[in-house]
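Visitor: Okay, sequence plus prediction incoming.
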Amino acid sequence: MNIQYKKGVIELCILAILNKCDMYGYELSEKLSKKIDISDGTVYPILRKLKSDGLVKTYLSEESSGPPRKYYSITESGRAEYEKESADWLQFANIVNEIIGG
């Protein structure tokens, strides 16, 4: 798949996943990479950007086996951004489908 297609939607996909439930970084990366072919280091810079933009927040959770994990959680601003961007994406995808005859 063309890398330019992926670049435009990975943030939206991350927000969509976090809109359903909190996840730690590796878990999120694994879930996303099952659907979209991405490199190992793709998700963490995006998570840092989303956090600095106030769209996600983090917290530590201690598991019984192993060190604490940093979980990511969508904020109210993140939910609003997700709703807006997903509506925009669906409208755009429908237009592209019309153009290419889908």
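Guide: Cool, the structure landed.
Visitor: From L50, how far off is the residue positioned nearest the centre of the chain?
Guide: Nearest to the geometric centre of the chain sits I14, at 0.7 Å (Cα atoms, centre = their mean). Shown here: I14 relative to L50, a distance of 7 Å by Cβ to Cβ, to the nearest Å. Where you see a C-beta, it was placed from the backbone N, CA and C, and this is true even at glycine.
Visitor: dump the residue contacts of L60.
Guide: Applying Cβ atoms under 8 Å, 6 or more residues apart in numbering to L60 gives the contacts 68-71.
Visitor: Name every strand pairing with the host helix or strand of it and say which way it goes.
Guide: In this structure, L60 is located in strand 56-61 according to DSSP states H and E. With DSSP bridges as the criterion, the sheet partners recorded for strand 56-61 are strand 69-74 (antiparallel).
Visitor: pretty sure the residue nearest to the centre of the chain is in contact with L47, am I right?
Guide: Yes - under the contact definition of Cβ atoms under 8 Å, I14 touches L47, with a separation of 7.0 Å.
Visitor: what sits in contact with each of the two?
Guide: Among the neighbours of I14, those also in contact with L47 (Cβ under 8 Å, 6+ apart) are L28.
Visitor: quick revisit: out of the contacts of L60, who's nearest E83?
Guide: The shortest distance between E83 and any of these, using Cβ to Cβ, involves Y71 and amounts to 22.0 Å.
Visitor: what's around that closest one, how many residues?
Guide: Applying other Cβ atoms under 10 Å, we find 19 other residues in the vicinity of Y71.
Visitor: pLDDT score for it?
Guide: The per-residue pLDDT reported for Y71 equals 96.
Visitor: partners of it in the sheet?
Guide: As for beta bridges, Y71 partners with Y24, Y59 under DSSP bridges.
Visitor: Which residues are in contact with it?
Guide: Neighbouring residues of Y71 by Cβ under 8 Å, 6+ apart: 22-24, 58-61.
Visitor: With just CA atoms, put stretch 48-57 into PDB.
Guide: This file holds the C-alpha atoms of stretch 48-57, laid out as PDB (Å, rounded to 0.1, in the frame of the first residue of the first chain):
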ATOM      1  CA  ARG A  48       3.900  11.700  21.900                       C
ATOM      2  CA  LYS A  49       2.400  14.200  19.400                       C
ATOM      3  CA  LEU A  50      -1.200  13.300  20.400                       C
ATOM      4  CA  LYS A  51      -0.200  13.700  24.100                       C
ATOM      5  CA  SER A  52       1.500  17.100  23.500                       C
ATOM      6  CA  ASP A  53      -1.600  18.200  21.600                       C
ATOM      7  CA  GLY A  54      -3.800  17.200  24.600                       C
ATOM      8  CA  LEU A  55      -5.700  14.500  22.600                       C
ATOM      9  CA  VAL A  56      -4.400  11.600  24.800                       C
ATOM     10  CA  LYS A  57      -3.100  11.300  28.300                       C
END
